[in-house]
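A.B. asks: show me the folded form of this:
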Amino acid sequence: MKSFSMEIGGKTLTVDVDRVAKQANGAAMMHYGDTTVLCTATASDKPRDGIDFFPLSVEFEEKMYAVGKIPGGFNKREGKASENSVLTARVIDRPMRPLFPKDYRNDVTLNNLVLSVDPECRPEIVAMLGSAISTCISDIPFAGPCAMTQIGMVDGEFIVNPSQKQWDEGDLQLTVASTREKVIMIEAGANIIPEDKMIEAIYMAHDINQEINDFITKICDEVGKEKHSYESQAIPEELFDAIKEIVPPAEMEEAVFTDDKQTREANIAEITERLEEAFAENEDYLAVLGEAVYQYQKKTVRKMILKDHKRPDGRAIDQIRPLSAEVDLIPRVHGSAMFTRGQTQICNITTLAPLSEAQRIDGLDANVTTKRYMHHYNFPSYSVGETRPSRGPGRREIGHGALAEKALMPVLPSEEEFPYAIRTVSETFESNGSTSMASTCSSCMSLMAAGVPLKAMVAGISCGLVTGETDDDYVLLTDIQGLEDFFGDMDFKVTGTTEGITAIQMDIKIHGLTRDIVEGAIARTREARLFIMDTCMKKAIAEPRKELNEYAPKIESIQIDPEKIGDVVGKSGKTINAIIDETGVKIDITDEGMVSVCGVDQAGIDKAKEYIEIITSDFEEGQILEGTVVSIKEFGAFIEFAPGKEGMVHISKIAKERVNHVEDYLTLGDRVKCKCLGKDRMGRISFSIKDAQ
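C.D. replies: Below you'll find the model as predicted:
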């Protein structure tokens, strides 16, 4: 076993090699503080047959024993990957995938097993570094090293690899991956941080990544394996030559350069059919013809964009597709909005509920146990003209939903300002590029239409890239459509307000971006999102509505003495359930004594609040109350003013005249007004009906 250590962000990172998991192609036992993650890289011996992509799988396994917990639920065993696991795996996948050979078809699995968690050292960054190290030291072909650093910000100061608390409560959650020269991945959530501040943080992380890359190189020099050879799946050049004889470049340009996705697909289908007929006798060519046509399209589109600045749909390089927006298109829901950009169309629906409906989270982060705002994204097959059954959200859907959720979190009102759980659902009606950014725009409008008092409007847009042979030879594309995403080198998504950035997600297919490209993309997306807000979103709804939708629940809060919580709840919940049954509301009580009363009917809310105030208040002499006769005795009657809160009226206090029998004046269930007389000589609170009249 060999051990290697370096300091990052004031904490020691230690890598143990050849200690465990020796049958994996590469393995590293990672230690950062007391956080321990086993990271392995494994590849199959042979390529997978019949595929035209690189089959990479990344796993981030959260084990509850790592934080001294037993999993919840009946099974008491970890189940499917949590949302955090999926998102972490995606952040590891995105920067590493482009560094594997493009024609590599062997299955590769990067597995990260979280063994222990130190709250001061987040396991996610340890797994990211461990995946890179285990792959670099393995015999799997990989153009490393690559490194990742996280930057937080507390009180305006940047923090390298922040603790979990600093990450959760700070103003920045930034992850940056880099090769030796260039940035290869950016993921960020931010509390409306100006563009120049974000760029400063990105390149602070990039500089630290260079130190980590030197560290990884040192490890590889000592224990790294020689990279194995593999069977190349590259398309033979003679096939391309044969295709061009049948379909000249000018014909391919005409086929792909259209603003209608269906027309383009029909053109390519016709070309493919002709080629299949031409190569009917050549099985080797037919086996890879689909990939060859795809690459021919790609080369055609890239050449026209890079050399002539000509986009497939005829737009200028900084031009956004036609925009439209509307709100209130779905009846009876709490809020709805639709945002359309070209052939990308998202309908978002908002639902408001009491805070008790917030999502409960059983994960490794002890600081976060519930999630009040939830954004869910759906991508049905009909949105791209395909037929496949729905099998629930995949990693892409989870990732897109999380990005739009992150984009809007900074502008949501606090729980004290707006005591609601909030769910927005983005339904993809049509897709041709950057549905996650359309989801951000539609979600913002949907929330505003529902009456959620957002602090600012948020919009999002994606910037693409086509590169040439040198670092200076490139073209940035505003608002990329699907074809430009597939054939381009970058998908740089940025969301924000007029004042700054709220989220970033950057994917690339090349070995990194120069600083000029990063700064240019951030500047371009700022211009675009301001244009979208001014020319489209604000025309549909300029600000949050002052009143909630008529179908949305109303929530009103009362602060009570925490020691009186038991009085409101009652024995086995009898009192609170009686209030709920009578008024039709929902009631939530915090440990601090904040009572939230939720209902659609205002009269029910008012009655429930009245009951709670009566239950938690002491009776005062002279107070007039209305109650129900619940018990009749020879000496008087008991009146219930609120569930579990009663008072007695002596027979002498029922009427001004003499009362011989209580039953002559009162019947069970009667509603009567009573006046509090204060304490009698025995110290009991007494009431009078005759004095209240």
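
A.B. asks: separation between Cys347 and Asp328?
C.D. replies: Using Cβ to Cβ, to the nearest Å, Cys347 is found at 12 Å from Asp328. The C-beta positions use only the backbone N, C-alpha and C, and glycine is treated the same way.

A.B. asks: neighbour count: the two, which is higher?
C.D. replies: Neighbours were counted for Cys347 and for Asp328 using other Cβ atoms under 10 Å; Cys347 has more, 22 against 17.

A.B. asks: quick check: beta-bridge partners of that one?
C.D. replies: Met338, Glu427 (DSSP bridges).

A.B. asks: ok, it - contacts?
C.D. replies: 329-330, 336-338, 426-427, 429, 442 (Cβ atoms under 8 Å, 6 or more residues apart in numbering).

A.B. asks: quick revisit: give the intersection of the neighbour lists for Cys347 and Asp328.
C.D. replies: Common neighbours of Cys347 and Asp328 (Cβ under 8 Å, 6+ apart) are 336-337.

A.B. asks: just checking, next helix/strand downstream of the strand ranked longest in the chain?
C.D. replies: In the chain, taking DSSP state E as the definition, the longest strand is strand 35-47. Next helix or strand after strand 35-47 toward the C-terminus (DSSP states H and E): strand 56-61.

A.B. asks: which of the contacts of Cys347 count as buried?
C.D. replies: Neighbour-count burial (16 or more other Cβ atoms under 10 Å) is assigned, among the contacts of Cys347, to 330, 336-338, 426-427, 429, 442.

A.B. asks: and which of the residues you listed is nearest Lys69?
C.D. replies: Taking Cβ to Cβ as the measure, Lys69 lies nearest Ser426 of those, at 32.5 Å.

A.B. asks: you'd agree Ile522 is up against Gly496?
C.D. replies: No: assessed by Cβ atoms under 8 Å, Ile522 is found out of contact with Gly496, at 9.7 Å.

A.B. asks: those two: who's more crowded?
C.D. replies: Gly496 (32 against 22).

A.B. asks: helix or strand: which one has the residue nearest the centre of the chain?
C.D. replies: Taking Cα atoms, centre = their mean as the criterion, Ala402 is the residue nearest the geometric centre of the chain, at 1.6 Å. For Ala402, the enclosing helix or strand under DSSP H and E is helix 395-408.

A.B. asks: same question, Ile614
C.D. replies: In the assignment (DSSP H and E), Ile614 maps to helix 602-616.

A.B. asks: give the buried residues for that helix.
C.D. replies: 604-605, 607-612, 614-616.

A.B. asks: for Ser5, which non-adjacent residue is closest in space?
C.D. replies: Take Ser5 and drop its neighbours on the chain: the residue closest to it by Cβ to Cβ, 6 or more residues apart in numbering is Thr14, 4.6 Å away.

A.B. asks: give me the beta-bridge partners of that neighbour?
C.D. replies: Going by DSSP bridges, Thr14 forms beta bridges with Ser5, His31.

A.B. asks: C-alpha coordinates for the longest strand of the chain, PDB please?
C.D. replies: In PDB, the C-alpha atoms belonging to strand 35-47 read as follows (Å, rounded to 0.1, in the frame of the first residue of the first chain):
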ATOM      1  CA  THR A  35     -14.800  11.600   5.500                       C
ATOM      2  CA  THR A  36     -13.900   8.400   3.900                       C
ATOM      3  CA  VAL A  37     -14.900   7.300   0.400                       C
ATOM      4  CA  LEU A  38     -13.800   4.200  -1.600                       C
ATOM      5  CA  CYS A  39     -13.600   5.200  -5.300                       C
ATOM      6  CA  THR A  40     -13.100   2.500  -8.000                       C
ATOM      7  CA  ALA A  41     -12.800   2.500 -11.800                       C
ATOM      8  CA  THR A  42     -13.600  -0.700 -13.600                       C
ATOM      9  CA  ALA A  43     -13.700  -1.500 -17.400                       C
ATOM     10  CA  SER A  44     -14.900  -4.500 -19.300                       C
ATOM     11  CA  ASP A  45     -12.400  -6.500 -21.200                       C
ATOM     12  CA  LYS A  46     -14.200  -6.100 -24.600                       C
ATOM     13  CA  PRO A  47     -16.400  -3.500 -26.200                       C
END
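
A.B. asks: just the pLDDT for Ala366.
C.D. replies: Here the pLDDT value assigned to Ala366 is 64.

A.B. asks: next one: His31
C.D. replies: For His31, pLDDT reads 98.

A.B. asks: so Lys310 sits against Met304, correct?
C.D. replies: Yes: the criterion here is Cβ under 8 Å, and Lys310 meets it with Met304 at 4.5 Å.

A.B. asks: where do the contact lists of the two overlap?
C.D. replies: Phe257.

A.B. asks: residue boundaries of the strands in the stretch 201-350 of the chain?
C.D. replies: 323-327, 335-341, 344-353 (DSSP state E, counting those that start in this stretch).

A.B. asks: what is the orientation angle of the shortest one with strand 344-353?
C.D. replies: Right, the one you point to is strand 323-327. For strand 323-327 against strand 344-353, the angle by axes from the mean of the first three to the mean of the last three Cα atoms, to 10 degrees is 20 degrees.

A.B. asks: what helices and strands are in contact with strand 323-327?
C.D. replies: strand 335-341, helix 435-450, helix 538-540 (3 or more Cβ pairs under 8 Å, 6 or more residues apart in numbering; DSSP states H and E).
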